[in-house]
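> next input, structure requested:
(chains A and B)
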Amino acid sequence: GENVEQHPSTLSVQEGDSAVIKCTYSDSASNYFPWYKQELGKGPQLIIDIRSNVGEKKDQRIAVTLNKTAKHFSLHITETQPEDSAVYFCAARLSNFGNEKLTFGTGTRLTIIP
Amino acid sequence: DAMVIQNPRYQVTQFGKPVTLSCSQTLNHNVMYWYQQKSSQAPKLLFHYYDKDFNNEADTPDNFQSRRPNTSFCFLDIRSPGLGDAAMYLCATSREFPETQYFGPGTRLLVL
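You can find the predicted model right below:
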């Protein structure tokens, strides 16, 4: 099955600086990589996703990059704000029929320091 | 405009007393999922429904059951909750399997 590793587990960033969270996956058959943001006491919210046919995707201050050769993908948040403080989960989904469930990383607790 | 709704948000039950958590969706999605999330951990998939077809994960305990009476509603039944079942339970939906999943706010279960 798929295995997703996520680093770092905690990250503190000064407000206005950039934050980068990295994930690696084990199965080269994975083809879809979403990122979720989870605030305290709430369910995960999809913030951005990328499919294996592109290398980068950007949405305002958030970007995701994918390196299929190295089997890793990263979340980049620029100009961080206090409301970016949350736990972020990456995930990967296999494309093999019958085994396509999302496999989540272990999460990164991001703290933005005002 | 809530799209995936979970009730209640907090549930307290007694050890061994059956409990039911509910999820409803206004997205008309075909697939509904139940996840268990323990503190500081990633969500763990328990099972999912594709329409009326139930798909159980191999490591989901028999203590956990689910019902989906119609497209909009899905229930998680815990027959005999143990202390180790205290967790956040998340419902999610997707238009097709395994497309983009949208999560509800979760129900936090406390077992006394």
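
> can you tell me the number of residues neighbouring residue A:43?
For residue A:43, the neighbour count with other Cβ atoms under 10 Å in any protein chain shown is 23. Using the backbone N, CA and C atoms, a C-beta is placed for each residue, glycine as well.

> hmm, residue B:90 and it touching each other?
Yes: Residue A:43 lies in contact with residue B:90 (Cβ atoms under 8 Å); the separation is 5.3 Å.

> hey, what's residue A:91 bridged with?
According to DSSP bridges, the residues that bridge with residue A:91 are residue A:104.

> please apply the same query to residue A:4.
Residues in a beta bridge with residue A:4, per DSSP bridges, are residue A:25.

> what's the burial count for it?
Counted with other Cβ under 10 Å, the neighbours of residue A:4 add up to 23.

> just to revisit the earlier point, spit out the residues that contact residue A:43 and residue B:90 alike.
When contacts are counted by Cβ atoms under 8 Å, 6 or more residues apart in numbering or on different chains, residue A:43 and residue B:90 have B:6, B:103-104, B:106 as shared neighbours.

> just the ones of those in strands?
Counting by DSSP state E, the shared contacts of residue A:43 and residue B:90 place B:6, B:103 in strands.

> quick one: the closest residue to residue B:13 other than its chain neighbours from residue A:82, how far?
With sequence-adjacent residues excluded and distances taken as Cβ to Cβ, 6 or more residues apart in numbering or on different chains, residue B:13 is closest to residue B:19, at 4.3 Å. From residue B:19 over to residue A:82 the distance is 36 Å, taken as Cβ to Cβ, to the nearest Å.

> okay, the two: which has more neighbours?
Under the criterion of other Cβ under 10 Å, the comparison of residue B:19 against residue A:82 puts residue B:19 first, with 19 against 10.
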